[in-house]
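Novice: using only what follows, build the 3D model:
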Amino acid sequence: MSSQSESVQLSVTALTAEVAALFADAGLSSAGAQRIAGALIEAEQQGLKSHGLMHAPVYLERMRKGSVSTHDRAEMVSDHGAVAVLDARHMLGHLAAEQAMALAIEKASRFGIGAVAVRHGFHFGAAGRYVAQAAQAGMVGIAMSNTRPLMPAPGGAEAVVGNNPIAIAIPTADEPMVVVDVAMSEGALGRIRHHHQRGEPIPGNWAVTAEGLPTTSAADAIKGLLLPTGGPKGFALAMAIDMACGLLSGGAVGSEINALYGDTSKPNDCAFLFLALNPQAFGADDLPQRARAQREHIRKARRAPNTAAIRTPGEMKWRTAATQQETVQIDRSTLTALRACAIPIDTLAVSHGGERP
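Specialist: Take a look at the predicted model:
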């Protein structure tokens, strides 16, 4: 965890405006810049630093090199009742994902279910953001994405599938909603990069070196292979997610996807799949109330010794965000990288502090 000396407290309003200015300067529309800034800072507010502002510099670098486009709307490829396919045209993944889930929600309100696949995508941050979008509309949401290969098959010695995330959200009658957001490795690459950025070791079960040797070095892990959670089970899920996203969308799969931090002149080219399920179409109008009751039943279950509390999926993000509505703690290393991006346009909250003691 960041100590006070390793992080600074910034105004959310000022930081959002200045991060948006960075993206607008890179050619994104004003509305699109506000949306991506809000998405990245929301991750910081939720404590998801590995999905937040640490990625802004590479996003901006890619936009300037042209491997991420300045589009803020994906194009419709096909639209058949409850199902649609979008072409993100290599735009910022957060914007394409928001649009796709909004379309899935709209279709679910008409047909009971909505399914939207997206091709030519780009890193979209935390998948939980988009299923929460569905749950806030009263829908059950499912989201997944493929990524470039990072994990070997059981018994293999080369990466063949990505650390592909899947998220599911269940609407509840009150907060916190149930939001499951998991990738298929023991430790997500974004978390490993965050450890590397801070000069911290990683747990020994997260990755192996390029030679297949155990490691606690974040730098060696980035060059090596991630280990699937649950062994063959995690690998199998990652493989299924890769195929569902890439093949249904007509997009890339496996080694056709490029690394986020690799050759930044090449499009990332990942693919997404979003589903929204309307409880009313299932005759489950009371789903939010029943979901709340089940959530509370689980939270009040008998605890093991020395356990402070039982938390349900998504609860810690919700609690953390509740404490960072007006100001947010940002790692100094992230702030340094943002300041380097901000130098050409002299943004205030980033370049000149915007810091709260």
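Novice: any idea how many residues pack against the nearest residue to residue 246 once chain neighbours are set aside?
Specialist: Spatial nearest neighbour of residue 246, chain neighbours left out: residue 253 (3.4 Å); criterion: CB to CB, 6 or more residues apart in numbering. Bear in mind the C-beta positions are built from the backbone N, C-alpha and C, glycine included. Residue 253 has 20 neighbours, counted by other CB atoms under 10 Å.
Novice: test my guess that residue 253 contacts residue 241.
Specialist: No - assessed by CB atoms under 8 Å, residue 253 is found out of contact with residue 241, at 10.2 Å.
Novice: export stretch 36-43 as PDB, just CAs?
Specialist: The C-alpha trace of stretch 36-43 is given here as PDB (Å, rounded to 0.1, in the frame of the first residue of the first chain):
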ATOM      1  CA  ILE A  36     -11.500   8.900 -20.500                       C
ATOM      2  CA  ALA A  37     -10.300  11.200 -17.700                       C
ATOM      3  CA  GLY A  38     -13.300  10.200 -15.600                       C
ATOM      4  CA  ALA A  39     -12.800   6.500 -16.200                       C
ATOM      5  CA  LEU A  40      -9.100   6.600 -15.200                       C
ATOM      6  CA  ILE A  41      -9.700   8.600 -12.100                       C
ATOM      7  CA  GLU A  42     -12.600   6.400 -11.100                       C
ATOM      8  CA  ALA A  43     -10.200   3.500 -11.100                       C
END
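Novice: hmm, who's touching it?
Specialist: Stretch 36-43 has contacts (CB atoms under 8 Å, 6 or more residues apart in numbering) with 12, 15-17, 19-20, 23, 28, 49, 51-53, 55-56, 59, 92, 94-95, 98, 125-126, 129, 321, 328.
Novice: which of those residues count as buried?
Specialist: Among those, those classed as buried by 16 or more other CB atoms under 10 Å are 12, 15-17, 19-20, 23, 28, 49, 51-53, 55-56, 59, 92, 94-95, 98, 125-126, 129, 321, 328.
Novice: so what's the closest residue to residue 207 other than its chain neighbours up against?
Specialist: Excluding the flanking residues, the one nearest residue 207 by CB to CB, 6+ apart is residue 221, at 3.6 Å. Residues in contact with residue 221 (CB under 8 Å, 6+ apart) are 187, 192, 202, 206, 207, 208, 209, 215.
Novice: ramachandran angles for residue 221?
Specialist: phi -70, psi -40 (degrees, to the nearest 10).
Novice: now do the same end-to-end measure for stretch 252-261.
Specialist: With CA to CA, to the nearest Å applied, stretch 252-261 spans 18 Å between its terminal residues.
Novice: next: stretch 260-272.
Specialist: End-to-end for stretch 260-272, by CA to CA: 15 Å.
Novice: ok, stretch 323-333 next?
Specialist: Note: stretch 323-333 ends 22 Å apart using CA to CA.
Novice: stretch 271-284 now?
Specialist: End to end - CA to CA - stretch 271-284 spans 31 Å.
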